[in-house]
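Enquirer: from the sequence below, what's the structure:
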Amino acid sequence: MIHAPESISTVNVILDFVLVFASLWMVWVVRGIGGVVGRSLTLIVFGAIVLGVAHLIATFAGGSYLNIFDAATNNFVHRIIVLLGFVLLVFGFRQIRVMKD
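Expert: Numbers count the residues shown, from 1 in each chain. Now for the predicted structure:
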């Protein structure tokens, strides 16, 4: 098995946290917006949070840290969580289409 150098693993963890913080920043930016736009942005932001957390879980549940899942299971769980995040994004964008009709 090929292992990434420790410095790359550290950068990956830092980037995972940056993704989560960026999604939380999105929550801060869109707070207080009401109506259809507010509901749409809320779903989109929750989707972004799920996507950020998916990466964090994949990093820590894999063999490098907590070793909760084997590699195949870790990849599967990651993809399921990412799929849920994208579903939230789609529902958020679909609500914006209501304004068009």
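Enquirer: identify the residues contacting the nearest residue to residue 53 once chain neighbours are set aside.
Expert: Spatial nearest neighbour of residue 53, chain neighbours left out: residue 20 (6.3 Å); criterion: CB to CB, 6 or more residues apart in numbering. C-betas here are computed from N, CA, C, even on glycine. The contact partners of residue 20, by CB atoms under 8 Å, 6 or more residues apart in numbering, come to 49, 52-53, 56.
Enquirer: what's the spacing between residue 20 and residue 59?
Expert: For residue 20, the distance to residue 59 equals 11 Å [CB to CB, to the nearest Å].
Enquirer: try residue 69
Expert: Counting by CB to CB, the gap from residue 69 to residue 59 is 12 Å.
Enquirer: buried residues, the top helix by length along the chain. List them.
Expert: Looking across the chain with DSSP state H, the single longest helix is helix 71-100. Going by neighbour count (16 or more other CB atoms under 10 Å), the buried part of helix 71-100 is 74, 77-78, 81-82, 85, 88-89, 92, 95.
Enquirer: okay, the angle between whichever helix or strand residue 44 is part of and helix 71-100?
Expert: Assigned by DSSP states H and E, residue 44 belongs to helix 35-61. Interaxial angle, helix 35-61 versus helix 71-100 (axes from the mean of the first three to the mean of the last three CA atoms, to 10 degrees): 170 degrees.
Enquirer: next one: helix 35-61 to chain centre, how far?
Expert: 5 Å (CA atoms, centre = their mean, to the nearest Å).
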